[in-house]
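J.: would you be able to build a 3D model of this:
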Amino acid sequence: MIKPIYLERIPTNSFTRLKNIDNRGVFEALGHKFKSNNQWIIKYNKNNFYLDLLEGIFCEELVRINNATIAKGYKDQLYVKDLIDEIPNILSKELRCERNFDKEESNFIISTIEKYQQFVIGGAGLDIFKSFFLDPLLHDIKPYDTLPYAQSIIYNCKNAIIRMNDIENDVKQTISTYKTIVPKMKELIEIIGEMIKLIEK
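T.: Residues are numbered from 1 along each chain as shown. Next comes the predicted model:
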């Protein structure tokens, strides 16, 4: 099953401390302390902007992206599981139908069902099913691919694989987004840290 993506922990003591300081008190203190330097107001406003950016965009956005990736991944995995679980049912139904099977086709159907059962008992993950069940099945079923049951199985296999690739791509995209956002967060936190040091002097 898909797991929450690891969010790199960034030291945010400066961020938390500054957010907890009364803004009016900070403004008055800085105004008195740096009354000879008109640039302090600009720095103060920038600092508040950085705080809002961190809290309202970066922090919340990371959580939103992470939750969205997990929710979609979970839904996609259930869809894949249903497609895979349906395969032995299709094969079993075909075995029960009234038609003559040659030995090779009969062995193929029975061995596929048994292989599925072995993977389920062994607690195989979707990656194992893809590499050792779905991919080989698409190859082994080719001699029967004109039959309706085989076409159903091919459909399930291909759609399961496509959706698994989607899951992998979603996770990669999320990680790529983290790698873009996290350095920017670190940079802003360093700037805020300098502001804290300035206030505490």
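J.: burial of residue 74, as a residue count?
T.: Residue 74: 13 surrounding residues under other Cβ atoms under 10 Å. From N, CA and C alone the C-beta is placed, and that goes for glycine too.
J.: where does it fall, helix, sheet strand or coil?
T.: Following DSSP: H, G, I helix; E, B strand; the rest coil, residue 74 is assigned to helix.
J.: quick one: list the elements packing against the host helix or strand of residue 172.
T.: In this structure, residue 172 sits in helix 148-200 according to DSSP states H and E. Helix 148-200 is packed against helix 13-20, helix 23-33, helix 39-53, helix 60-96, helix 126-129, helix 135-140, with contacts defined by 3 or more Cβ pairs under 8 Å, 6 or more residues apart in numbering; DSSP states H and E.
J.: can you do 10 Å?
T.: Other elements packing on helix 148-200 under the criterion 3 or more Cβ pairs under 10 Å, 6 or more residues apart in numbering; DSSP states H and E are helix 13-20, helix 23-33, helix 39-53, helix 60-96, helix 103-121, helix 126-129, helix 135-140.
J.: any idea of the mean pLDDT in that helix?
T.: For helix 148-200, mean pLDDT rounds to 84.
J.: can you check stretch 53-61 too?
T.: 71.
J.: gap between the two ends of it?
T.: End-to-end distance for stretch 53-61: 10 Å, by Cα to Cα, to the nearest Å.
J.: over to stretch 90-104?
T.: End-to-end distance of stretch 90-104 (Cα to Cα): 18 Å.
J.: for that stretch, which outside residues touch it?
T.: When contacts are defined by Cβ atoms under 10 Å, 6 or more residues apart in numbering, stretch 90-104 is touched by residues 105-113, 116, 141, 143-144, 147-150, 152-153, 155-156.
J.: and those residues, which are buried?
T.: Those of those that meet the buried threshold are 105, 108-109, 112-113, 116, 141, 144, 149-150, 152-153, 156, by 16 or more other Cβ atoms under 10 Å.
J.: what's the most distant pair in these?
T.: Using Cβ to Cβ, those reach their maximum pairwise distance at 105 and 156, which is 18.3 Å.
J.: is it true that residue 125 touches residue 84?
T.: No - judged on Cβ atoms under 10 Å, residue 125 makes no contact with residue 84 at a distance of 11.3 Å.
J.: which neighbours do these two have in common?
T.: Overlap of the contact sets of residue 125 and residue 84 (by Cβ under 10 Å, 6+ apart) consists of residue 119.
J.: any idea how far residue 164 is from residue 81?
T.: Shown here: residue 164 relative to residue 81, a distance of 11 Å by Cβ to Cβ, to the nearest Å.
J.: for residue 154, that is, sorry about that
T.: Residue 154 is 18 Å from residue 81, by Cβ to Cβ.
J.: what of residue 60?
T.: Using Cβ to Cβ, residue 60 is found at 32 Å from residue 81.
J.: with neighbour numbers in mind, choose between those two.
T.: Counted by other Cβ under 10 Å, residue 60 and residue 81 do not tie: residue 81 has more neighbours, with 14 against 11.
J.: nearest spatial neighbour of the more buried one, chain-adjacent residues omitted?
T.: residue 126 (7.5 Å; Cβ to Cβ, 6 or more residues apart in numbering).
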